[in-house]
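Engineer: Please work out how this folds:
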Amino acid sequence: MTTATSFREATMADVDAVMDLVARRIDWMNAVGLHQWNDTDYFGRYPRTYWEANIGRFLVGERRGKVVVAIALYADDMRWGAMPDRAYYLHHLVTDPEAKGVGVEMMRHVEHYAAAHGIAVLRLDSAVGNTVLERYYTDLGYHECGRCQDRLYFGVLREKRLAL
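Structural biologist: Numbers count the residues shown, from 1 in each chain. Predicted structure coming up:
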């Protein structure tokens with residue numbers, strides 16, 4: 001039986017919970033041999049001050065009062081450059097490794113959230129060579145649009161257009 005997930009906009013009270021999710025996911029990546037955040041100095045690039053300054057851009061999902069998923073929504077993204085249409089740029093999708101299916105739930109919630117705010121395009125990137133993540137986003141309807149590099153990170157740009 002799956003526990004219901006409730007979604008909401010994040011607050012400053014969520015900073016520690018979101019950072020803990022990221023740390024746990026990095027530990028999981030190390031344990032399973034996946035190379036992504038654990039190889040890109042993630043907390044060096046995104047220190048606590050980043051999370052505090054940007055927590056208002058995050059949505060979180062909770063199960064039984066515990067944050068189990070988070071994602072940031074930005075109105076622009078330097079990796080994409082100037083784009084002609086309004087979009088949400090999705091970053092830092094992170095899930096509790098034990099909360100199965102919550103990432104897909106969050107992505108579906110983001111689609112409804114975006115549509116409710118008049119946003120018809122969702123954009124994100126995923127690490128080059130991470131075939132599991134490539135399949136995950138492809139299965140969710142995100143198609144490849146190009147490539148990007150940000151310091152130690154090499155990414156695949158992906159986009160999904162929503163029907164409003």
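Engineer: how about the nearest residue to residue 119, chain neighbours excluded?
Structural biologist: The shortest distance from residue 119 to any non-neighbouring residue, by CB to CB, 6 or more residues apart in numbering, is to residue 88 (5.2 Å). In this view, the C-beta of every residue, glycine as well, is placed from N, C-alpha and C.
Engineer: can you tell me the average pLDDT over the helix or strand hosting residue 51?
Structural biologist: If you go by DSSP states H and E, residue 51 is part of helix 48-54. Averaged across helix 48-54, the pLDDT comes to 97.
Engineer: next one: that helix to chain centre, how far?
Structural biologist: 16 Å (CA atoms, centre = their mean, to the nearest Å).
Engineer: What's the first helix or strand after it?
Structural biologist: Next in sequence after helix 48-54, counting helices and strands by DSSP H and E, comes strand 58-63.
Engineer: ok, residues contacting the very next helix or strand once past that next one?
Structural biologist: Remark: after strand 58-63, the chain's next helix or strand is strand 66-74, criterion DSSP H and E. Contact partners of strand 66-74, identified using CB atoms under 8 Å, 6 or more residues apart in numbering, comprise 5, 10, 14, 17-18, 21, 54, 57-62, 88-96, 99, 102-103, 105-107, 110, 113-114.
Engineer: cool, and stretch 22-30?
Structural biologist: 34, 35, 36, 37, 38, 42, 43, 92, 94, 95, 96, 97.
Engineer: Same question for it: list its buried residues.
Structural biologist: Neighbour-count burial for stretch 22-30 flags 22, 25, 26, 28, 29 (criterion: 16 or more other CB atoms under 10 Å).
Engineer: secondary structure element for the last one?
Structural biologist: Under the criterion of DSSP H and E, residue 29 resides in helix 15-32.
Engineer: thinking again about what came up before, nearest to residue 47 among the buried residues of stretch 22-30?
Structural biologist: Nearest to residue 47 out of the buried residues of stretch 22-30 is residue 22 (CB to CB; 11.6 Å).
Engineer: In space, not sequence, find me the middle residue of the chain.
Structural biologist: residue 93 (2.1 Å; CA atoms, centre = their mean).
Engineer: a strand runs through that one, doesn't it?
Structural biologist: Yes - if the criterion is DSSP: H, G, I helix; E, B strand; the rest coil, then residue 93 is within a strand.
Engineer: before we move on, the earlier item: Throw together a PyMOL command that grabs the buried residues out of the contacts of strand 66-74.
Structural biologist: In PyMOL, a selection of the buried entries from those looks like this (16+ other CB under 10 Å):
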select buried, resi 5+10+14+17+18+21+54+57+58+59+60+61+62+88+89+90+91+92+93+94+95+96+99+102+103+105+106+107+110+113+114
